[in-house]
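Peer 1: Here is my input, please return the structure:
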Amino acid sequence: MKEKSASVGEMGKSGENEIAIASEELIGNIRPLIEQAKARVAQSVNSGLVLLYWQIGKRISDDLPAESRAEYGAKVVELVSERLAAEYGKGFRRSNVFHMIRFAEAFDDAKIVQTLSGQLSWSHFIEIIYFKDPLQRQFYTEMARVERWSVRTLRKKIQGMLYERTAISRKPEELARQELEDLKEEDRMTPDLVFQDPYLLDFLGLEDTYSERDLEAAILRELERFLLELGTDFSFIARQKRMTIGDRDFYLDMLFYHRSLRRLVAIELKLGSFDAAYKGQMELYLRWLDRYERRPGEEAPIGLILCSEKNREQIELLQLDRGEIRVAEYLVELPPKGLLEAKLHEAIRLARGQEELCSYQSKWH
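Peer 2: Purely as a prediction, here's the structure:
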């Protein structure tokens, strides 16, 4: 009898283990369903909230034209916000109601708002709506949507003047608008939307004197932040990529892949000013990558030469502001914002002046 009891006891333990294992497996299968449902509900709530705020802003804008808002309109809005906040909560406080009005003014197409409401939160829109330049506003809207930026990432991109550092900001308005429309309609990224100038690498913490290898090593130590500076679609592939060409070995500093562009991106790091010889070196690397590393369905590889200084005349003569090779400066110390703004605005002015000159010349030839 004792032996039989022991056997029953062992069977009981085994049964408990089986029950525990089965319950864990079931919980593991159920948990994703709950998380997915929570995400759908949160997205639905966010979408509904964004649309509601736009509708409120639109109604106020329609009922109180801009010319009536100086004093009378502001007092009406304050009274409305007090009543709504008392009835429906803090989301209708004065500052937020004014955000709603600005939101309706900045995004005047209900269909666009409906589409974006499922992808961007109200906090995203607050960061974007006060840009005076419609192209700047559209750039951050579409990039945040396509690259799925968090609000924190969007804020950092704006503070780092990402728009001003991309080639799109230096283009004539019509071309820039068309490129942003293509991004909105087809999610089609271009090198001018991806590459920046200058790149802000102040987070690397380099000393006053450093070598190209020091710069490369520092970037790899801080790879996550470097990738965020490049853009969220960049994936790291290799460091010091070896290329055997003829009887010689060449080494590319860094190789990345950009998902939206569907291209390999070769990056060379250079100290000092840009030199024309760097173009030939990069062209050799790109031809090799195109022949031996490019996969079916990918576009041709492109290259980025990062220099501590740019030689603008050489770059213009070599036409490196368009095509498969780009040159950009990097800053290992973040300059005062005013100085950076002046530098970028001057670059934009020069680039637009060059485009206008080319356009003018083409009309006469």
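Peer 1: any idea how the protein splits into domains?
Peer 2: Per automatic domain parsing, the domain ranges recorded for the chain read 12-127, 131-193+336-365, 195-334.
Peer 1: and the ones you listed, which one is worst for confidence?
Peer 2: Mean pLDDT values for these show the minimum at domain 131-193+336-365, a mean of 68.
Peer 1: so where do the helices sit in the stretch 101-250 of the chain?
Peer 2: 110-117, 122-128, 134-146, 151-159, 162-165, 173-186, 191-194, 212-221, 223-230 (DSSP state H, counting those that start in this stretch).
Peer 1: Which elements pack onto the second one?
Peer 2: To tie it back to what came earlier, the one meant is helix 122-128. helix 2-63, helix 94-106, helix 134-146, helix 151-159 (3 or more C-beta pairs under 8 Å, 6 or more residues apart in numbering; DSSP states H and E). Every residue, glycine included, has its C-beta placed from N, CA and C.
Peer 1: In JSON lines: those, plus mean neighbour count and distance to Lys75.
Peer 2: Shown next, in JSON lines, are the helices and strands packed on helix 122-128 (neighbours: other C-beta atoms under 10 Å; distance: least, C-beta to C-beta, whole Å):
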{"stretch": "helix 2-63", "mean neighbour count": "12", "distance to Lys75": "13"}
{"stretch": "helix 94-106", "mean neighbour count": "18", "distance to Lys75": "11"}
{"stretch": "helix 134-146", "mean neighbour count": "20", "distance to Lys75": "29"}
{"stretch": "helix 151-159", "mean neighbour count": "15", "distance to Lys75": "32"}
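Peer 1: Which stretch among those approaches Trp288 most closely?
Peer 2: Distance to Trp288, taken as C-beta to C-beta, is lowest for helix 134-146 among these, at 30.4 Å.
Peer 1: and the angle for the closest one with helix 110-117?
Peer 2: Put simply, helix 134-146 runs at 40 degrees to helix 110-117, going by axes from the mean of the first three to the mean of the last three C-alpha atoms, to 10 degrees.
Peer 1: Extract the CA atoms of helix 134-146 and return them as PDB.
Peer 2: The C-alpha coordinates for helix 134-146 follow below in PDB (Å, rounded to 0.1, in the frame of the first residue of the first chain):
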ATOM      1  CA  PRO A 134       5.300  75.000 -44.700                       C
ATOM      2  CA  LEU A 135       8.100  72.900 -46.300                       C
ATOM      3  CA  GLN A 136       9.800  72.600 -42.900                       C
ATOM      4  CA  ARG A 137       6.600  71.600 -41.300                       C
ATOM      5  CA  GLN A 138       5.900  69.000 -44.000                       C
ATOM      6  CA  PHE A 139       9.500  67.700 -43.800                       C
ATOM      7  CA  TYR A 140       9.200  66.900 -40.000                       C
ATOM      8  CA  THR A 141       5.700  65.600 -40.400                       C
ATOM      9  CA  GLU A 142       6.600  63.100 -43.100                       C
ATOM     10  CA  MET A 143      10.000  62.100 -41.600                       C
ATOM     11  CA  ALA A 144       8.400  61.500 -38.200                       C
ATOM     12  CA  ARG A 145       5.700  59.400 -39.900                       C
ATOM     13  CA  VAL A 146       8.000  57.300 -42.200                       C
END
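Peer 1: Next, the angle from it to helix 151-159.
Peer 2: 150 degrees.
Peer 1: so helix 134-146 versus helix 94-106, what angle?
Peer 2: Using the same axes, to 10 degrees: helix 134-146 against helix 94-106 is 100 degrees.
Peer 1: Report all helices and strands that helix 134-146 contacts.
Peer 2: When contacts are defined as 3+ C-beta pairs under 8 Å, 6+ apart, helix 134-146 sits against helix 122-128, helix 151-159, helix 162-165, helix 173-186.
Peer 1: Please work out which of those helices is packed deepest.
Peer 2: Of all these, helix 162-165 has the most neighbours on average by mean count of other C-beta atoms under 10 Å, namely a mean of 21.
Peer 1: Quickly note the distance from the nearest residue to Leu49 once chain neighbours are set aside to Pro32.
Peer 2: Distances taken as C-beta to C-beta, 6 or more residues apart in numbering place Trp122 nearest to Leu49, at 5.9 Å, with adjacent residues excluded. Noted for Trp122: a distance of 27 Å to Pro32, by C-beta to C-beta, to the nearest Å.
Peer 1: rewinding a little: which one of the helices and strands packed on helix 134-146 lies nearest to Gly91?
Peer 2: Smallest distance to Gly91 across these (C-beta to C-beta): 8.8 Å, for helix 122-128.
Peer 1: Alpha carbons only: can I get that closest one in CSV?
Peer 2: Taking Å, rounded to 0.1, in the frame of the first residue of the first chain, the C-alpha atoms of helix 122-128 are listed here in CSV:
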residue,chain,number,x,y,z
TRP,A,122,-1.0,65.0,-30.5
SER,A,123,2.4,65.6,-28.8
HIS,A,124,4.0,65.1,-32.3
PHE,A,125,1.8,67.8,-33.8
ILE,A,126,2.5,70.3,-31.0
GLU,A,127,6.2,70.1,-31.9
ILE,A,128,5.4,70.7,-35.6
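Peer 1: Give me the residues contacting that helix.
Peer 2: Helix 122-128 is contacted from outside by 46, 49-50, 53, 99, 103, 106-107, 137, 140-141, 144, 149, 151, 154-155, 158, using C-beta atoms under 8 Å, 6 or more residues apart in numbering.
Peer 1: same deal with stretch 17-35?
Peer 2: Where contact means C-beta under 8 Å, 6+ apart, no residue beyond stretch 17-35 reaches it.
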